[in-house]
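> Sequence first, predicted model second:
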Amino acid sequence: MEVQTISQRREIATARRHRATSLDALTIPADGDGAHGPEVGPYPHVLRLETTCEDGQVAVWFDDAWWLESLRRWKDVALDLHILPTPNALLHPVILHELEMVRRLQLPWRMIGSCYVSDVAHPVLVPKLAVNQYHEIRIIDQDRPSTGGFDVRKSKL
């Protein structure tokens with residue numbers, strides 16, 4: 001039977017340690033240019049997209065060319081794709097269409113949509129919430145704060 005000294009145990013423990021991996025997140029704002037960042041370096045594990053502007057219109061960069069560049073860079077990367085709770089973003093037809101195209105490719109991506117309660121408070125929207133392209137929907141339990149370009153109907157909490 002071999003007895004290990006404290007210094008030997010420390011050496012073994014040090015050899016097992018790994019540098020902590022950071023949760024690289026890339027946030028692309030709606031009023032930006034949709035830049036993907038540098039070609040080299042660590043890939044993001046979380047992609048946070050502001051897909052609509054304050055008035056509820058789809059961001060200018062959110063198009064097929066942007067998706068093709070995203071696929072070229074990260075098609076093999078396990079990626080959490082967050083659609084941030086911007087006005088009209090969760091169930092916007094253009095955004096749902098693009099997400100449907102991504103789902104068809106069967107990528108290792110997880111699509112997460114966020115919204116406020118007042119965004120989905122109308123009874124007509126409930127079936128759209130039940131059947132959509134998202135893997136997960138996160139609902140913020142409060143009404144959307146009013147902005148300059150987007151009027152919000154209050155929910156009944």
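Yep, that arrived.

> contacts and neighbour counts: CA atoms only from here.
OK.

> Help me confirm that Ala78 comes into contact with Leu47.
No - taking Cα atoms under 8 Å as the definition, Ala78 is not a contact partner of Leu47, at 10.6 Å.

> can you give me the strands in the chain?
Under the criterion DSSP state E, strands of the chain are mapped to 25-28, 46-49, 79-83, 109-116, 136-140.

> May I see the ones you listed organised as CSV, with distance to Met101, mean pLDDT and mean neighbour count added?
As requested, those are arranged in CSV below (distance: least, Cα to Cα, whole Å; pLDDT from 0 to 100; neighbours: other Cα atoms under 10 Å):
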stretch, distance to Met101, mean pLDDT, mean neighbour count
strand 25-28, 20, 92, 17
strand 46-49, 17, 94, 20
strand 79-83, 14, 94, 20
strand 109-116, 12, 93, 20
strand 136-140, 17, 92, 15
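
> Need those in JSON lines (columns: distance to Ala89).
Shown next, in JSON lines, are the strands of the chain (distance: least, Cα to Cα, whole Å):
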{"stretch": "strand 25-28", "distance to Ala89": "14"}
{"stretch": "strand 46-49", "distance to Ala89": "10"}
{"stretch": "strand 79-83", "distance to Ala89": "7"}
{"stretch": "strand 109-116", "distance to Ala89": "8"}
{"stretch": "strand 136-140", "distance to Ala89": "12"}
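
> which ones are touching Gly32?
Trp61 (Cα atoms under 8 Å, 6 or more residues apart in numbering).

> how much space between it and Pro145?
22 Å (Cα to Cα, to the nearest Å).

> Could you do Tyr43 as well?
Relative to Pro145, and taking Cα to Cα, Tyr43 is found at 33 Å.

> do Arg103 as well
From Arg103 to Pro145 the distance is 31 Å (Cα to Cα).

> ok now do Val77, which residues does it touch?
Neighbours of Val77 in contact, by Cα under 8 Å, 6+ apart: Tyr43, His45, Pro108, Trp109.
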